[in-house]
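Visitor: Predicted model follows, preceded by the sequence.
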Amino acid sequence: MNIGNFPQMFFQRMISTPTCVNALIFIAFFLFLSQPVQSSGTEKGKGKATQEEELALTTINLREFTIQATAPRQEILRMPAIRGTKIFSGKKNEVIRPTTMDADLSTNNARQIFAKVPGVSVWENDGSGIQLGIATRGLNPNRSWEFNVRKNNYDISSEVFGYPEAYYTPPMEAVSRIELVRGAASLQFGPQFGGLLNFIIKEPATDRPFAFETQQTVGSYGLFNSYNSIGGTSGNFSYFAYYHRRSANGWRTNSRYQIDAGYIALNYAFSPRLRVSLQYSAMDYASQQPGGLTDAQFAVDARQSHRERNWFSTPWNVAALILNYDVSERSLLNVTLFGLLAERNSVGFVRPIHIADTFNVNLRSFHHRQVDRDLYFNYGAEARFLQRYQLFNNESALSVGMRLYRGETDRLQLGIGTTKGDMDFAITTLQPNGKEFGRDLFFVTDNIALFAANIFRITPRLSITPGFRYEIINNSAEGTINSSPTGDIGRRQHNRGLLLLGLGAEYKTSETTNLYANFSQAFRPVTFAELTPAATTDIIDPDMRDQKGFNIDAGFRGTLANAITFDVGMFYLHYGDRVGTINQNGVNFRTNVGTSVSKGLESFIMVEPLKFLNNGTRFGNIILFASNALIDATYTEWNNPALDLSGNRVENAPEYIHRFGLTYHTSRFSITTQLNSIGEVFTDATNTIAPNAAGTIGRIDGFRLIDISASYRFGANYNIRIGVNNLTNEVYSTRRAGGYPGPGLLPGQGRTAYISVGARF
C-alpha cells in the first residue's frame, strides 16, 4: 500500500469524524489552596493553557473534584472524576506524561515510560519500539491486545474484536499524555479485560500562529531518530503536525529497521461552543526479523540470528473527524467518526528455528519464503453526551453513549514467495486451485454498543457510579483454509448480544486522599483465529462462547504533605470460558477449556524527602519511587478430561513486577536511575520447565535491569538528553513465540546508549 494514496482511497470509501475530550482547569490560586471547584467550571473555556499544562498543575479528587498544587515535572497523575463527557470516578487509572520523564523516548522504551504504573508487564519483540506489548494483572502482553488501544480517543488496533493487536504505536515525543484505565474501562470504552490505553497527542500552541519543535537522537547500533513538529493558532483556526523517522541496524544481527510516521490535526472553532477537528495519522516501516533462538543458542550468544531473509511491514492509516459541542454549561456532546486502512505483511522462512535456512542445491537457490498478508478496513462512529444535574444539593452527572462499528479483514496466508533475501511480498507460484494464497479468508465484524454511567454525589465526600454496556456483535467468516477441494469453510456466522454491568464508589477521606472501589464485567469475543480451523480435520465447537469475567479493584490514593504520592490497592480478575484446543476422539477440538483467576496487590509510592525541610528544594529535589505488583494468576478450572491443569499458573504471568527509581533534579538538570525486577514466567498452560528443541515452550527466568537517563535544559529553548539502557548488559528474555516474530526464544536488548538534542521555538 502506498501511504501517499491513502487520503484518496480512504475518503472514497468513507467519511470520518469525532470525539472530543477537553476542558479543564486554569485556576492555579485555588489549586494551591486546595479549594473545592465545581466541575462545571472546568468545562468552560480553556484560557491559554494547554491540557498538558493543566494536568501538570493538578492532582484531582472528588467533590466535583478538589485540586492541589504539585510539582510542575510530575510524571504521573490521576484522571478527574469527570473529563469531557467521560466519568472516571471510582476507577483505578493513571495519566502518564512521557515528555516530562528522564526516559528513552526515541525507542518508545516501555519499561521506562510505564515505570510508575504498578504491574505493567512488557514484551520486547525487538529494540525498535514500533509495536508496544504491555499488559497488567497476569494478562497476555501480545501487542497490548487485552487493552482497548486508542489514539485521541479513537481506535488504532487492527480489528477491535476479531484481531485486536496494536501494530501501531505513536512516537512518544509526540504524546502529551497516556491515559491508562484498568478493567473498569470495559463499560465506557469497550469490553476488554485489560481496560483502556489511550495516547493523547500534543496540541497546538495557543499563543502564536507558528511554533516549531525538533528532537534529534543518535545511539548505539546505528540508531537515528528524528522528530519534528509544527503547530499554532490564528483566530479560530489551529493546527498541529509532526513527522517522525527512526532507523537502526539493531542490537541483534539481522534486525535493522526504518519507520516513517506522520500526523496532522486541523482544528476550527465555529463558536466558543462548537469545535471541530480533522485528524490523520500515517505510518510505514520495514523491519528485518532475526527470528528466535533455541535456549542453547541463547546461552552461547543472545545477539546471534539464524534468519536473514525474514521481513515485516505494516502500512497504517487512521483518520478521524471530531466534534465537540457545549450544548449548555451543564451539557456536553462529543461525536467521533473514525476509520482505519492498514496492512500486515510478512515474508520469511518460517520453519522451526532449529531448522537452518540453507542453500538448496537442487533448487540452486534458497528455499521459497512464505508470504502472509492481512488487509484491514474499519470504520465507525461514537457519540457521547454528558448532563450535569443537582441531586441531594450536590452536582451529579449522567454520561450516555452509542457506538457503531464495522471491521473488514482480508486474511491471505501461505503464499509461495521468492527465494531472495530482500523485503519482497511477491507471489512466485500459484496454489493448485489457481489462487495466490493457500489460505484466503474474509472476516467481517458488525457491532452496536450502548453504554451509560451516572455519578451520584451522595454527600460532598461520597460518590457512587453505576454503569452498563450492551454489545451486539455479529462475526462472519468465509473462504478457504487450504487449496484442497475440502478447504472451503463455507460461511460461518456468530451473532450475540451481551450486557455488562458495573459499579464504582469513591470516598474522599481528606482534601488530598480518597478511597476507591470498582466492579466491572468484561468479555473477550471469539477471535478470527478461534473461529476458523487450522486444518480440515480440526473441529470448531459450534456452541463456543465468548470469554467472560469481571474485574474488582479497591484502593487508597492521594498525596500527603505535598511530598508523598501514593496509590495502593488490591485486585481480583476472573477470566472465564477461556478458549483452547483439546483432543477429542483423536481430533483437535477447539472449545472453551477453562477459567483463570488473577489476584494480587498493586502499589505505587513516590516520596520527595527534601520537601519535608523548609526551603529544602533550593538546591534541587530528590524523588524516590517504588512501583510494585504481586500477582497470583492460576487456572481454577480446566475442562480437558485428559489433563487437569487446575492450580497451574497462567502463562506469561510473572508473580512479581517491581520497579524502583531515584531522581535528582533542579530547574534545568535531571538524572534518573531505575531498577526493574521481573519474576519468572511459564509460556504454556502445562507449566513446562525444560524448553523444547524449537525454543517455543519452556520457563523463562526472571531478570533485573538497570537503566539510567539524564537531561539538561539550556538557554530558553534547548535541551540535551543522554541515557544508557540495561547498564550492566544483562542477558534476558521476555517471551517465546511459536510463529512471528520467532519462532523460538526472543532475547531482550543488551546495553545500548543514546544522546539527543532538541529545541523549541
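Guide: That came in fine, so what should we check first?
Visitor: how close does the closest residue to Tyr167 other than its chain neighbours get to Glu173?
Guide: Nearest non-adjacent residue to Tyr167, counting by Cβ to Cβ, 6 or more residues apart in numbering: Thr314, 4.4 Å away. Every C-beta, even on glycine, is put in place using the N, C-alpha and C of the backbone. For Thr314, the distance to Glu173 equals 20 Å [Cβ to Cβ, to the nearest Å].
Visitor: which residues sit in contact with Lys254?
Guide: For residue 254 the amino acid is Asn, not Lys. By Cβ atoms under 8 Å, 6 or more residues apart in numbering, the contact set of Asn254 is Gln288, Gln289, Pro290, Gly291, Ser305, Arg307, Glu308, Asn310.
Visitor: Verify the stated contact: the fifth one with Gln288.
Guide: No - under the criterion of Cβ atoms under 8 Å, Ser305 makes no contact with Gln288, lying 9.0 Å away.
Visitor: Can you check which residues contact both of those two?
Guide: Joint contacts of Ser305 and Gln288 (Cβ under 8 Å, 6+ apart) are Asn254, Ser255.
Visitor: ok, those two, which is more surrounded?
Guide: Gln288 (26 against 21; other Cβ atoms under 10 Å).
Visitor: wait, what's in contact with the more buried one?
Guide: Counting by Cβ under 8 Å, 6+ apart, Gln288 has contacts Gly250, Asn254, Ser255, Arg256, Tyr257, Glu308, Asn310, Trp311, Phe312, Met423.
Visitor: Of the residues you listed, which belong to strands?
Guide: If you go by DSSP state E, those have Tyr257, Trp311, Phe312 in strands.
Visitor: Name the surrounding residues that touch stretch 703-718.
Guide: 101-104, 109, 111-112, 668-678, 719-728, 730, 732-733, 748, 757-761.
Visitor: Show the buried residues in the residues you listed.
Guide: 101-104, 109, 111-112, 670-676, 678, 719, 721-727, 730, 732-733, 748, 758 (16 or more other Cβ atoms under 10 Å).
Visitor: Okay, strands next: where are they in the stretch 451-600 of the chain?
Guide: Assigned by DSSP state E, counting those that start in this stretch, the stretch 451-600 of the chain shows strands spanning 462-480, 488-508, 513-524, 539-540, 547-560, 564-584, 587-607.
Visitor: Give the ranges of residues in this structure that sit below the confidence cut-off.
Guide: For the chain, applying pLDDT under 70 flags the ranges 1-73, 534-537, 615-616.
Visitor: Which parts of it are helices?
Guide: In the chain, helices defined by DSSP state H lie at 6-13, 28-33, 39-42, 51-56, 110-113, 295-300, 528-531, listed in chain order.
Visitor: returning to what we had before: contacting residues for the residue nearest to Tyr167?
Guide: Thr314 makes contact with Tyr167, Tyr168, Met283, Asp284, Tyr285, Ala342, Glu343, Arg344, Asn345, according to Cβ under 8 Å, 6+ apart.
Visitor: Highest neighbour count among these?
Guide: In those, the most neighbours by other Cβ under 10 Å go to Tyr168, 27 neighbours.
Visitor: Can you tell me the closest non-neighbouring residue to it?
Guide: Using Cβ to Cβ, 6+ apart, the nearest residue to Tyr168 is Trp316, at 4.4 Å.
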